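S.K.: Give the three-dimensional model of this entry:
(2 chains)
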Number of protein chains: 2
Amino acid sequence: MPHDAALAELATFLGDRLVRSKAERDQHGRNEAWFPDTPPDAVAYPETTEEVARIVATCARHNCPVTAWGTGTSLEGHALAIRGGISLDLMRMNRVLQVRAEDMQAVVQPGLTREALNTELRATGLMFSVDPGADASLGGMAATRASGTTAVRYGTMRDNVMALEVVLADGRIIRTGSGARKSSAGYDLTGLFVGSEGTLGIITELTLKLHGQPEAISAAVCAFEDFEAAVQTVITTIQMGIPMARIEFLDETAAAVFNAANGTSLPEKPHLMVEFHGSETSAAEDAKRFGEVVAEMGGAHFDWATTTEDRNRLWKMRHGAYPACLAFRPGSLGLVTDICVPISRLAEAVRETRADIAASGLTGPILGHVGDGNFHAVLLIERGNEAELKTAKALARKMAERALSLGGTITGEHGIGFGKKDLMAMEHGEAWEVMARIKRALDPDGILNPGKVVEVNQ
Amino acid sequence: MPHDAALAELATFLGDRLVRSKAERDQHGRNEAWFPDTPPDAVAYPETTEEVARIVATCARHNCPVTAWGTGTSLEGHALAIRGGISLDLMRMNRVLQVRAEDMQAVVQPGLTREALNTELRATGLMFSVDPGADASLGGMAATRASGTTAVRYGTMRDNVMALEVVLADGRIIRTGSGARKSSAGYDLTGLFVGSEGTLGIITELTLKLHGQPEAISAAVCAFEDFEAAVQTVITTIQMGIPMARIEFLDETAAAVFNAANGTSLPEKPHLMVEFHGSETSAAEDAKRFGEVVAEMGGAHFDWATTTEDRNRLWKMRHGAYPACLAFRPGSLGLVTDICVPISRLAEAVRETRADIAASGLTGPILGHVGDGNFHAVLLIERGNEAELKTAKALARKMAERALSLGGTITGEHGIGFGKKDLMAMEHGEAWEVMARIKRALDPDGILNPGKVVEVNQ
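M.R.: So this is what the prediction gives:
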């Protein structure tokens, strides 16, 4: 067995928290996308930062790869131990360490999920805003630079992580950032670790920015005759500066998916799902102005979700989109694209993506956090059908190329993992090599999540 | 003369844009703070990115240091060529390359100043928000991760730089970021170069985020009986979530400084200067809520600056604070502290700072962007008085220690340069060594602004 020496040494201090059973290995070898199962050699369950440090130091001595694991909900194979070694399952480090209500900050461990944090915060009048749909771990969200439905208003993980504790590739523990709202004290290491997908260090603690729970919330869903009207509504709304808390697009296929999964009867047309946060006055004013844009664009079926229950139902439906898409074609796997373009190019990007999907013969509902210019096509591939997978990959590559030609990015929020690694040179050119230099500087032996994000042997 | 070979080669393609005259060298050896004059060996005036690349490549071959120069308004010696070599004056690269109004973005060269950009933008309904007081170059502001009066609402340079073009230490040109509002495509190099003070690369182009010019603006100044009431007003306002566009503190000494410099008759008491941006309705609502807080805290002399002229006068006074402080004690130099603490610790930080200044015998007006928890003491030192300089440095160090003990940072917005380098280990511990590793990875020969931010020979 590879890495036997490392695993034997890890077992000396982890005991039964180093697990080599097939069941556990298989569970940490699965993914929610189209990647083949890739079990690690063992799963480690640390309970403290010091244990993480000792695990990493041990693995470093034995040249044994360490790949962090949270809820396993990433979509580009980030958490798969593709070079073997251990899966570092951080889900037992799931405590809220401190809520500093007066500074609107929370200090948490990486295995805490965003919903668990918000449950803890309920009575404080504060909330954590970043909402990628899945109830992901906050460490994983930071590592992936996740965002989601509310980024249009509250920002992504880049904007909401203030400070980190990180275990480096040699087992040293460092702290980045502080509790101050801003700093210019040297290189922004917090920003560097956020989005580094566990390739530069293991996040063991996060200081997160919180926001006040809005005094008033109103949400609505409305249908449009065609996607151009829906997308133009988004562009106009953003350009008018109406402060949307959420503005989500679904195409007619996505509406059909939602109906099938939820027993709803949305017209099979493009929709926008929106939410406004503010004072009673401002939320009403924003909703009114948005309503005027919708009316001008010919939108209809403008249904307000006025009660908390209605609103929760609405967003539960949106958050369940991915499994609903998979269920729409039983036995399928999903290849989810994630391009993000400047808002002015959004209509063009969606139009051409629709045409490509139609030409490919695949089913591919489109949903998106369109207030950021970000949208996904969920390409449904029959499990085991290599021809469809090949078609989907070609389509995804074409979308990525288009995003770049429109001044955008190949991934708005899902990250690189190894699923999009072959597109990195296209987006970054020589800057990708700079990323590799940083990787080599921080992890010279390449033990942290090897094979992801960068190509170190260029 | 050192670096003769490098300078000779640079002259072959720069011609009279490589200047070795004493006058030009002296001009690029000055600083606005207490550092001794440090002229470079020559000044280079590139006009294109390609020229910057060629200059850096040439200097790299000859191991000749390259220190970027903008408006020379940094306060920690950032732009001084302390190891000799050339001062790279980027002020001829001062064009607005593109305004993408529909995406609220502008693409600019690094030598453009923030005021020049806003003049260009006037007719578009858009504005660039970051406002450090000085009419600094945008490249310099990015390199320093500057912020200023409006960061409380619109963020710092970290939040407002979307993409960069950068010349690396070997002369290669890379691009970071994109026109998309968010991305998770690998390490955040944009964020890494912002705040790197010219030590990792030379910024040759910036894509900046713009904001809509507010429909309504209202500003006011109000006096308080004691600083505690003023600071508590800030804390309460921020915690209530009232969206301030600006909230600036001055202590009684600063009020006296303003009166002396501007012929005003502010009561010699602590003041807050505030501004609200929004719709007519929301700005009025915000101002009203703020007024209630002020009244509760016993604030008085609440003067509204209702006309544009009044408002401009108000902020011109604030922006002129630094020269006004120096003029308050003729023949003095300034050592400006810049701590930033969590908002809940602000009163404590200001209280203890005041006590320290009083005990030191120095004059040190306090002003601050207190909505961020950031404030400055301008310690006035008699030119050539070593004892006073020593006292001021000890005081600054004590403040930095206090900031850290309160969970804050040694510098909110002025950066490190070499003035604060000896405090970096105290703030960052081993993370400072990680910064050095990044420096060595990107600039192995140490030619970019050597001697600043990091210690590469640790």
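
S.K.: Show me which residues of the helix or strand of chain A with the lowest mean pLDDT are buried.
M.R.: None of the helices or strands of chain A scores lower by mean pLDDT, DSSP states H and E than strand A:300-305, at a mean of 78. Neighbour-count burial for strand A:300-305, counted by 16 or more other C-beta atoms under 10 Å in any protein chain shown, picks out A:Ala305. (C-beta placed from N, C-alpha, C; glycine too.)

S.K.: Paired strands for that strand, with orientation please.
M.R.: Sheet pairing of strand A:300-305 (DSSP bridges) gives strand A:216-223 (antiparallel).

S.K.: Low-confidence regions, the stretch 351-458 of chain A specifically.
M.R.: Applying pLDDT under 70 to the stretch 351-458 of chain A picks out residues A:458.

S.K.: so where do the helices sit in it?
M.R.: Taking DSSP state H, counting those that start in this stretch, the helices of the stretch 351-458 of chain A run over residues A:386-405, A:424-428, A:431-442.

S.K.: These: which one's closest to chain B?
M.R.: For these, the distance to chain B is smallest for helix A:431-442, at 3.7 Å, taking C-beta to the nearest C-beta.

S.K.: Mean neighbour count, the helices of the stretch 351-458 of chain A: which tops it?
M.R.: Stretch with highest mean neighbour count among the helices of the stretch 351-458 of chain A: helix A:431-442 (a mean of 21; mean count of other C-beta atoms under 10 Å in any protein chain shown).

S.K.: Residue ranges in chain A under the pLDDT threshold?
M.R.: Ranges of chain A meeting pLDDT under 70: A:1, A:301, A:458.

S.K.: Skip the chain neighbours and tell me the closest residue to the residue nearest the centre of it.
M.R.: Most central in chain A under C-alpha atoms, centre = their mean is A:Ala146, positioned 3.6 Å from the mean C-alpha point. In space, and not counting its chain neighbours, A:Ala146 is closest to A:Pro132: 4.4 Å by C-beta to C-beta, 6 or more residues apart in numbering or on different chains.

S.K.: count of neighbours near the one you found?
M.R.: 25 (other C-beta atoms under 10 Å in any protein chain shown).

S.K.: Show the contacting residues for it.
M.R.: Shown in contact with A:Pro132 (C-beta atoms under 8 Å, 6 or more residues apart in numbering or on different chains): A:Arg114, A:Met141, A:Ala146, A:Ser147, A:Gly148, A:Glu413.

S.K.: buried set for stretch A:328-345?
M.R.: Buried residues in stretch A:328-345, counted by 16+ other C-beta under 10 Å: A:328-329, A:332-345.

S.K.: picking that back up, wouldn't the residue nearest to the centre of chain A be in contact with A:Glu413 here?
M.R.: Yes - between A:Ala146 and A:Glu413 a contact is recorded at 5.6 Å, counting by C-beta atoms under 8 Å.

S.K.: which neighbours do these two share?
M.R.: Taking C-beta under 8 Å, 6+ apart as the criterion, A:Ala146 and A:Glu413 both touch A:Pro132, A:Thr156, B:Ser184.

S.K.: Contacts only, for A:Leu272.
M.R.: Taking C-beta under 8 Å, 6+ apart, we find A:Leu272 in contact with A:221-222, A:224, A:230, A:233-234, A:247-250, A:294, A:299, A:370.

S.K.: Recalculate using a threshold of 10 Å.
M.R.: Neighbouring residues of A:Leu272 by C-beta atoms under 10 Å, 6 or more residues apart in numbering or on different chains: A:220-224, A:229-231, A:233-234, A:237, A:244, A:246-250, A:290, A:294, A:297, A:299, A:302, A:370-371.

S.K.: Over to it. Which of the three states is it?
M.R.: strand (DSSP: H, G, I helix; E, B strand; the rest coil).
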